[in-house]
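J.: missing the sequence, but the structure's below:
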RNA sequence: GGCUCCGUAGCUUAAUGGAUAGAGCAUCUGACUACGGAUCAGAAGGUUAGAGGUUCGAGUCCUCUCGGAGUCACCA
């Protein structure tokens, strides 16, 4: 289907060349939808051409308008206001557009590019269940994947599971010491929550140990010796906590011992690790399933944490890295505005960024993508800038295709969520809660007649999750979000259910078409398109551009806001105009086709966000 | 302190450098003997943190100031 915007852009380019003898780029011609108070459908901004034209903006606009009206069949009329050329589009164009649209199941999709892109998201630790922050990460990753797919990329959805390290050993040790042989089955607790409880318990026990230790003579003398002038005992011990855990804590020593045993492949430790990680995976699987997301390929940190040694050698031989006297290896990025960065410790072990360098190389060898998207919170912005800069300097072929999709943290009104302090909004809990609220509201509104229990539950699930997902995904990724658990997620106004409801209305009409065998063939005779209908047509026309921009910007919120806008226009249309009891057969047919198109686009658009549409609600 | 990001109505937010800054929530007023009211219409609410600058045109770009966040580990 040819795009009206590009038709207009090309026509303006021709007009400018014909009238003023200057070449311009069609892509740079600014075409906006005309604001409500002016007559017209689309407006061309004329200011960029006034220098070339050597005329006043209005004179140039009128000239170009006259030319366009004569040359472009789609343009019915024009008017000029303050340097803006407002164009009116002919009814016949909208007829053709609507007919093509209603038959095009793939509207908004682009043909395959033959290019691959990897999207990595979620990357959880296996010591606790997923929380609301993970949900944001997952939804961004999932919907970016869907958006990239729809514009023609082959997408490989990956997850790196952080399944090893100190944090994982903490929950393991805690279960060994305090678990008394209990299991998720014996306690009847979802298995990832079970493991998470032992992580929290560890932190409690550790805190108790620290508080007791602070009363000792040793602690006292350390405080006397090391505290800064004017620093209170409380502040000092807050800062000292990491050092205490590494050097004085019994629990800390036991955790480190466990980590060493794990690294030495001690069979008992590995067995314990596998058992507890499997509990966590079972729980994650359930959560991912409930969220409606999946992955194509999993990577485990236990397999990748030793990667990157080769890259250190490579960097040294390419003189991108340098070695210090103590044997540690560094990269100097000060000329790019960053700092010097360690890539290998003096004891020869690798650090976090070394792993990421190695993983990037390995994955490229395996997947061969043109682009790699990492969905990771914005607290790691600096890390990814450095990572990408190093890969660029190493001359990696894919370095230009790396992208960090950085998103703001989800915070509570009281600040950041902290597992240790129990102020975490759990992923499973919030999903259940929002579905419960959907049920509550449905009951207040009155149940649908003759609905089965299973369909009812399925609808509530779609509505509840629709509300939650839309709430998260409508906000620009870069912005931090504050989530107030006291205020339940809204189901009215600018929400998922609002959009779902417009779809349900349309669905009701579509069923009537089938049941009553309504004839749509006369839609072409409808010539008096109403403003409410025009608004919908213009919006539908925009959809492919919206998806394309969302893909370019890695920004699902563009699609979310578009869907809301389209649904809003549909509700208004519904309220103002009659469909089944329209004034004429052609009007009825036209409105039904228009409704069908809106329904399709809404369903597809929301699908890109991972939101399902109920048939009834 | 250096670097990065953010600051739009009471709250949550939208606006590829283009016309009078657009929505939702909350508040107040109205609209169904029904193509489904999880809807629609209206009222009220803004010096786009502040000051300069670039431009025909700035919420958007540049400089400075203020406020908030993140980061600057031989942690991950």
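T.: It's in. Values in this document were obtained by computation on a predicted structure and should not be read as measured data.
J.: contacting residues for residue A:470?
T.: The neighbourhood of residue A:470, defined by C-beta atoms under 8 Å, 6 or more residues apart in numbering, consists of A:495-496, A:499, A:560, A:609, A:611. (C-beta placed from N, C-alpha, C; glycine too.)
J.: pull the distance from the host helix or strand of it to the chain's centre.
T.: Per DSSP states H and E, residue A:470 falls inside helix A:453-473. Here helix A:453-473 is found 18 Å from its chain centre; the criterion is C-alpha atoms, centre = their mean, to the nearest Å.
J.: also stretch A:41-52?
T.: Put simply, stretch A:41-52 sits 36 Å off its chain's centre (C-alpha atoms, centre = their mean).
J.: now swap in stretch A:307-323 and tell me
T.: Relative to its parent chain, stretch A:307-323 has a centroid offset of 34 Å by C-alpha atoms, centre = their mean.
J.: again with stretch A:576-587
T.: 40 Å.
J.: all helices for the stretch 251-400 of chain A, in order.
T.: Remark: helices assigned in the stretch 251-400 of chain A by DSSP state H, counting those that start in this stretch are A:267-291, A:301-304, A:309-317, A:352-367, A:381-393.
J.: can you redo those as JSON lines with mean pLDDT and mean neighbour count?
T.: Formatted as JSON lines, the helices of the stretch 251-400 of chain A follow (pLDDT from 0 to 100; neighbours: other C-beta atoms under 10 Å):
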{"stretch": "helix A:267-291", "mean pLDDT": "97", "mean neighbour count": "17"}
{"stretch": "helix A:301-304", "mean pLDDT": "93", "mean neighbour count": "18"}
{"stretch": "helix A:309-317", "mean pLDDT": "91", "mean neighbour count": "16"}
{"stretch": "helix A:352-367", "mean pLDDT": "94", "mean neighbour count": "19"}
{"stretch": "helix A:381-393", "mean pLDDT": "95", "mean neighbour count": "17"}
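J.: just put those helices in JSON lines and tack on distance to RNA strand B.
T.: JSON lines is the format used below for the helices of the stretch 251-400 of chain A (distance: least, C-beta to the nearest atom of the strand, whole Å):
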{"stretch": "helix A:267-291", "distance to RNA strand B": "15"}
{"stretch": "helix A:301-304", "distance to RNA strand B": "6"}
{"stretch": "helix A:309-317", "distance to RNA strand B": "13"}
{"stretch": "helix A:352-367", "distance to RNA strand B": "3"}
{"stretch": "helix A:381-393", "distance to RNA strand B": "4"}
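J.: where does pLDDT dip in chain A?
T.: Scanning chain A for pLDDT under 70 picks out A:1-2.
J.: identify the residues contacting residue A:612.
T.: A:292, A:462, A:465-466, A:606.
J.: residues making contact with stretch A:293-301?
T.: A:122, A:138-139, A:141-142, A:155-165, A:288, A:355, A:359, A:363, A:367, A:610.
J.: 10 Å instead, please
T.: With C-beta atoms under 10 Å, 6 or more residues apart in numbering as the test, stretch A:293-301 has contacts from A:118-123, A:125-126, A:135, A:138-139, A:141-143, A:145, A:155-165, A:168, A:277, A:281, A:285, A:287-288, A:307, A:355, A:359, A:362-363, A:366-367, A:610.
J.: residues of the stretch 151-300 of chain A that sit close to RNA strand B?
T.: Listed as neighbours of RNA strand B in the stretch 151-300 of chain A under the rule C-beta under 7 Å from any atom of the strand: A:162, A:165-166, A:242.
J.: coming back round to it: give me the buried entries from the contacts of residue A:612.
T.: Buried by 16 or more other C-beta atoms under 10 Å: A:292, A:462, A:465-466, A:606, out of the contacts of residue A:612.
J.: between those, which is nearest RNA strand B?
T.: Using C-beta to the nearest atom of the strand, residue A:466 is the member of the buried ones among the contacts of residue A:612 that sits closest to RNA strand B, with 8.6 Å.
J.: can you select the buried ones from the residues of the stretch 151-300 of chain A next to RNA strand B in ChimeraX?
T.: Those of those that count as buried under 16+ other C-beta under 10 Å are selected in ChimeraX with:
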select /A:162,165
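J.: which ones among the residues of the stretch 151-300 of chain A next to RNA strand B map onto strands?
T.: The strands, defined by DSSP state E, take in nothing from these.
J.: helices - which of the residues of the stretch 151-300 of chain A next to RNA strand B land there?
T.: Mapping these onto helices (DSSP state H) picks out A:166, A:242.
J.: domain map for chain A?
T.: A:4-89, A:165-300 (automatic domain parsing).
J.: out of those domains, the one nearest residue A:432 is which?
T.: Closest of the domains of chain A to residue A:432 is domain A:165-300, at 8.9 Å (criterion: C-beta to C-beta).
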